[in-house]
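Student: heads up, no residue letters with this:
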Ligand SMILES: [Zn+2]
């Protein structure tokens, strides 16, 4: 599933190509892509519109349009947004196709059909994302203190804590594993057990893991392709993710796989510290006799 680095890669590649282009037409091949809006209504709404930019929020792509509207797209499990030129159209599973004024086409492909699109007014964006997404980890707002506020009192394992988009936005299964390894923290440690030094380490580790993913052009374990239809390289550079049974890149340990929140989780049991749950303050424990 594409995470922040994959979506950011697509965004950085396509933004300069799309900015200022006019959408001649949109063809929605799969009405499920934009429901509850009908395909015909979205096609009418986007025809003739000028693209003002492409941005990212969490794992969402935001196609800014003239007239103060934004098409919010999510790639979900297997979606790809790819700029297609000339006769070269190798991608299948087409769900929507934008024909641009320079003859090129923007394709949203998606074998498993979980990806989606939603047309919103620019003024509605903040209210739309507020209940869904927390802090952007590559922004100045992402500090150790902010992470501490989020984690305080949380008994959920760190892995689950990082997957929650309402805390830190954009992290998924890959980069949660990579960040926890970089921070020397065991994925089953309770989030609320982190001390100030752990918070600082984890903040730095999250940023480093995400930036490595962006530098690697994203990870193509399954269906992910970048904005040009090419595979990413990050899957060859994982420190622990998918590396079960391989030697730890940092110590003499061996990478193990466990399941946390239903997700495969990879870590080194020898150099990732399992923090103890901190005792709760001022709350008497009643035991039944
Ligand atoms: Zn290790």
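Tutor: Perfect, thanks for sending it. Bear in mind that the values here come from a model prediction, so they are computed numbers and not experimental data.
Student: around the ion, pick out the residues from the stretch 51-200 of the chain.
Tutor: By the rule C-beta under 5 Å from the ion, no part of the stretch 51-200 of the chain lies against the ion. C-betas here are computed from N, CA, C, even on glycine.
Student: go with 8 Å
Tutor: residue 181 (C-beta under 8 Å from the ion).
Student: in the stretch 51-200 of the chain, what spans have low per-residue confidence?
Tutor: Judged by pLDDT under 70, the stretch 51-200 of the chain has its weakly predicted residues at 87-91.
Student: quick one: the nearest residue to residue 158 once chain neighbours are set aside from residue 148, how far?
Tutor: Computed as C-beta to C-beta, 6 or more residues apart in numbering, the closest residue to residue 158 that is not its neighbour in sequence is residue 189, at 5.0 Å. Distance of residue 189 to residue 148, given as C-beta to C-beta, to the nearest Å: 14 Å.
Student: out of these two, which sits in the busier spot?
Tutor: residue 189 (21 against 18; other C-beta atoms under 10 Å).
Student: contacting residues for that one?
Tutor: Counting by C-beta atoms under 8 Å, 6 or more residues apart in numbering, residue 189 touches 157, 158, 273, 274, 275.
Student: where does it fall, phi/psi-wise?
Tutor: Main-chain dihedrals, residue 189, degrees, to the nearest 10: phi -60, psi 140.
Student: heads up, I number from 21, so please use that
Tutor: Will do, 21 is the new start, and the previous item becomes residue 209.
Student: distance of it relative to the ion?
Tutor: 15 Å (C-beta to the ion, to the nearest Å).
Student: just residue 84 next, same as before
Tutor: Taking C-beta to the ion, one finds residue 84 at 44 Å from the ion.
Student: just residue 77 next, same as before
Tutor: Residue 77 sits 34 Å away from the ion, going by C-beta to the ion.
Student: buried ones in stretch 200-217?
Tutor: Within stretch 200-217, the residues that qualify as buried are 200-214, counting by 16 or more other C-beta atoms under 10 Å.
Student: apologies, that question was intended for stretch 135-153.
Tutor: 135, 136, 137, 138, 139, 140, 145, 148, 149, 153.
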